[in-house]
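K.L.:
A structural model of the following input is requested.
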Amino acid sequence: STMEDSGKKTPLPVPTFFAEAERRMFLEKRLGHTPVAPPRPPTKSSSTLRRCLNKTGDSEDGGATTAPRHWSSQRPHSVSFHSLENSLLRSRIYDKSRSEVTYFAQCFEVLERIGLGSFGEVFKVRSWEDSRMYAVKRCREPFRGERDRERKLEEVAKHERLEPHPNCVRFVRAWEEKQHLYIQTELCAMNLQQYCEEVCGGRLSECEVWAVAVDLLLGLQHLHRGGLVHLDVKPANVFLSTTPPPRRYKLGDFGLVVDLQRGDHAEAQEGDPRYLAPELLQGHFSKVADIFSAGMTLLEVACNLQLPTGGEGWQHLRQGFLPDDFIAGLSEDLVSSIRAMLEPDPGRRASVEELLARPEMRR
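P.N.:
As a prediction, the model looks like this:
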């Protein structure tokens, strides 16, 4: 339900009942990670966005980038938008006569499953070709048709287009086989969510929060300069790389990226509602939507919070209200930076360049 107070221009003073609601409904101390696959999201962005505030909106189909030629064969073919012709994968390891065994199973040793999401699962693997370690993401279900295939291959098109950067997970290659898409990338030690929960006991030191902030903003700057917006910035999509040195945080999982230059907003799919910028409810896509999500990410890892997925607490956070008792232990500089990132008005929200120019970011 919508509260009258939540629609006012000045969110402070906060209604007295909200102080109790915030403790009861959200911002709870993290109790630990349960590795359960999230539910599959709807195809279009409007459905989950509507659930956040019970809004209504229209859904429409839009065009997608022309995908590489559809191969009716069940044999493995490379997927690349840099080449007009896709070719059969060839490897000294792969035996095409054993067609019942996939290229993935023949050419990689699966060491463990390291991620499970709504769109796919991610494996830590060793390549039998070069003995190096990689991450391979495989879609959870076969393509439902050519339209579904094109949507899934969009991730390849955008990640492949992204020039290598120290703060973005490196793309290696992609292929499709038996109606499944595989994306091979560099392997990172763990994601930020895992690091917080399994190594740091839930909360990062402020020094570490600053390191995350700078690296994440540098990754977003690289993405934004290419005309792309991520739309799914959250701790689970920020990765810690420790080898080779130096230690870095990297932005990854480009499955929901939107190309602002192409204007492919009709194909946009929503990210996690806990980190969602408020203007996305109206379909306003811009680079600063990523800044808001990055601000929510920093708030969560700095304060060890469980962010709300909807309701009163969700709305108040998007009106600029940060509970004093949760930010009390943070420095003024960090609180100021987070507030600048969580500015409700996208026209006044800080850009990547403005944030990186702050003295505290350039220490």
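
K.L.:
Now do the end-to-end distance for stretch 89-102.
P.N.:
11 Å (Cα to Cα, to the nearest Å).

K.L.:
How about stretch 237-244?
P.N.:
Termini of stretch 237-244 sit 20 Å apart (Cα to Cα).

K.L.:
tell me which residues of stretch 282-301 are tucked away?
P.N.:
For stretch 282-301, burial by neighbour count (16 or more other Cβ atoms under 10 Å) applies to 285-301. All C-beta atoms are positioned from the backbone trio N, CA, C, and that covers glycine.

K.L.:
Next: stretch 224-242.
P.N.:
Quick answer for stretch 224-242 (16+ other Cβ under 10 Å): 224, 226, 228-241.

K.L.:
out of those, which are inside strands?
P.N.:
Counting by DSSP state E, the buried residues of stretch 224-242 place 228-229, 238-241 in strands.

K.L.:
Which of those sits closest to Glu112?
P.N.:
Glu112 lies nearest to Phe239 out of these, by Cβ to Cβ, at 15.8 Å.

K.L.:
wait, that closest one sits on Val169?
P.N.:
Yes - counting by Cβ atoms under 8 Å, Phe239 touches Val169, with 5.8 Å between them.

K.L.:
what is in contact with those two at once?
P.N.:
Common neighbours of Phe239 and Val169 are listed as 188, 250-252 (criterion: Cβ atoms under 8 Å, 6 or more residues apart in numbering).

K.L.:
Show me the two of those that sit farthest apart.
P.N.:
Spatially, the most separated pair among the shared contacts of Phe239 and Val169 is Cys188 and Leu251, at 10.8 Å (Cβ to Cβ).

K.L.:
Can you work out which residues contact both of the two?
P.N.:
Shared contacts of Cys188 and Leu251, counting by Cβ under 8 Å, 6+ apart, come down to 169, 239.

K.L.:
got a list of what the residue nearest to Leu228 when sequence neighbours are not counted touches?
P.N.:
Closest residue to Leu228 apart from its sequence neighbours, by Cβ to Cβ, 6 or more residues apart in numbering: Val257 at 5.2 Å. Counting by Cβ under 8 Å, 6+ apart, Val257 makes contact with 154-155, 158-159, 223, 228-231.

K.L.:
Pick out the most distant pair among these.
P.N.:
The most widely separated members of the contacts of Val257, counting by Cβ to Cβ, are Glu154 and Leu223 (14.9 Å).

K.L.:
which residue ranges form the helices in the protein?
P.N.:
Counting by DSSP state H, the chain has helices at residues 16-25, 46-53, 103-107, 146-161, 192-194, 206-225, 287-303, 311-317, 324-327, 332-341, 352-356.

K.L.:
Can I get these in TSV including distance to Asp130?
P.N.:
Converted to TSV, these look like this (distance: least, Cβ to Cβ, whole Å):
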stretch	distance to Asp130
helix 16-25	50
helix 46-53	40
helix 103-107	10
helix 146-161	20
helix 192-194	26
helix 206-225	26
helix 287-303	34
helix 311-317	46
helix 324-327	47
helix 332-341	40
helix 352-356	35
